[in-house]
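> What follows is a protein structure lacking sequence information:
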């Protein structure tokens, strides 16, 4: 079992995406980033997620803390990994029932710390990786801003319409089916926007590990936060 040496980070194993390309193993925050007392991004189970932060500030906050904002390819590696684990499906087998969707049913009115447990079994928050580690809020609670390294520019903003073979639009099942969450159609042009993934506490059926939406880089919302990463061995 490949595990992280840090209690607040999990190791996502090397992942092969549907086009055959490989995402190297990396470490991801087990929880969405929160804001420390000195204003820095941190990963802590018992702190509220840092929301109402725009894309550019999210990028900088991760950088200032020695981390990096999760990229699109990393977010896809994480989603594909959890989708292949039986315990992340409500039916107990891959493809049976729905992929867990986290906090998404308006049972809360704000993004919750990692220690919060919903009384609704449909809102289980943790997702098991293939190495046995757990990551929270891959779907639901709050979206995360994402640096687009699939169809994005150097700043991580969307730079062209989604191609028919875009990795961003691929998932085990169609949009809004089997807990995938919502994703746009081929040809959708979000140029100039920043990607957000996962869904929020208020997303309903739109939430999911493969949920993909967008926001203007200056937007600040109560259900959009930050997920950070760092290299193996950091």
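Okay, I see it. Only a predicted model underlies this, so the values are computations on that prediction, with no experimental measurement involved. Numbering: from 1, shown residues only.
> check contacts around the closest residue to residue 161 other than its chain neighbours.
Spatial nearest neighbour of residue 161, excluding adjacent residues (CB to CB, 6 or more residues apart in numbering): residue 189 at 4.1 Å. Just so you know, the C-beta spots here come from the backbone N, C-alpha and C atoms, and that holds for glycine as well. Contact analysis of residue 189 by CB atoms under 8 Å, 6 or more residues apart in numbering lists 160, 161, 162.
> Got the confidence number for residue 189?
For residue 189, the model assigns a pLDDT of 99.
> Now the phi/psi pair for it, please.
phi -110, psi 100 (degrees, to the nearest 10).
> Begin at 811, not 1, for the rest of this chat.
Let's use 811 as the start, then, which means that last one is residue 999.
> And it, how far from residue 970?
Distance of residue 999 to residue 970, given as CB to CB, to the nearest Å: 7 Å.
> Contacts only, for residue 916.
So residue 916 contacts 1011, 1012, 1014 (CB under 8 Å, 6+ apart).
> Of these, which is the nearest to residue 839?
Closest to residue 839 out of the contacts of residue 916 is residue 1011 (18.2 Å), distances taken as CB to CB.
> how about low-confidence regions in this structure?
811-815, 1044 (pLDDT under 70).
> ranges for the helices of it?
865-874, 882-893 (DSSP state H).
> okay, those helices in CSV with mean neighbour count and distance to residue 988 next?
Shown next, in CSV, are these (neighbours: other CB atoms under 10 Å; distance: least, CB to CB, whole Å):
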stretch, mean neighbour count, distance to residue 988
helix 865-874, 19, 29
helix 882-893, 24, 9
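> For the ones you listed, please prepare TSV with the additional fields distance to residue 957.
Formatted as TSV, the helices of the chain follow (distance: least, CB to CB, whole Å):
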stretch	distance to residue 957
helix 865-874	7
helix 882-893	7
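> Quick check: which of those helices is nearest to residue 961?
Of all the helices of the chain, helix 882-893 comes closest under CB to CB, at 8.3 Å.
> What lies in contact with that closest one?
By CB under 8 Å, 6+ apart, helix 882-893 touches 822-823, 825, 827-828, 831, 833, 836, 838, 880, 898, 904, 909, 937-940, 945, 948, 954, 956-960, 962, 977-978, 980-982, 1005, 1007, 1019-1020, 1037, 1039.
> Also stretch 924-937?
For stretch 924-937, contacts defined as CB under 8 Å, 6+ apart pick out 840-842, 854-856, 892, 895, 898, 900, 910-915, 917-918, 944-951, 1019.
> For residue 965, see how far away residue 1019 is.
On the measure of CB to CB, residue 1019 and residue 965 end up 25 Å apart.
> Between those two, which is the more surrounded one?
More crowded of residue 1019 and residue 965, by other CB atoms under 10 Å: residue 1019, with 29 against 13.
> phi, psi of that one?
Dihedral angles for residue 1019 - degrees, to the nearest 10 - are phi -60, psi -20.
> The nearest residue to residue 908 once chain neighbours are set aside and residue 898, how far apart?
In this structure, residue 908 finds its nearest non-sequential neighbour in residue 989, 3.3 Å apart by CB to CB, 6+ apart. Note on residue 989: its distance to residue 898, by CB to CB, is 9 Å.
> list residues touching both of these two?
What both residue 989 and residue 898 touch, as defined by CB under 8 Å, 6+ apart, is the set 909, 910.
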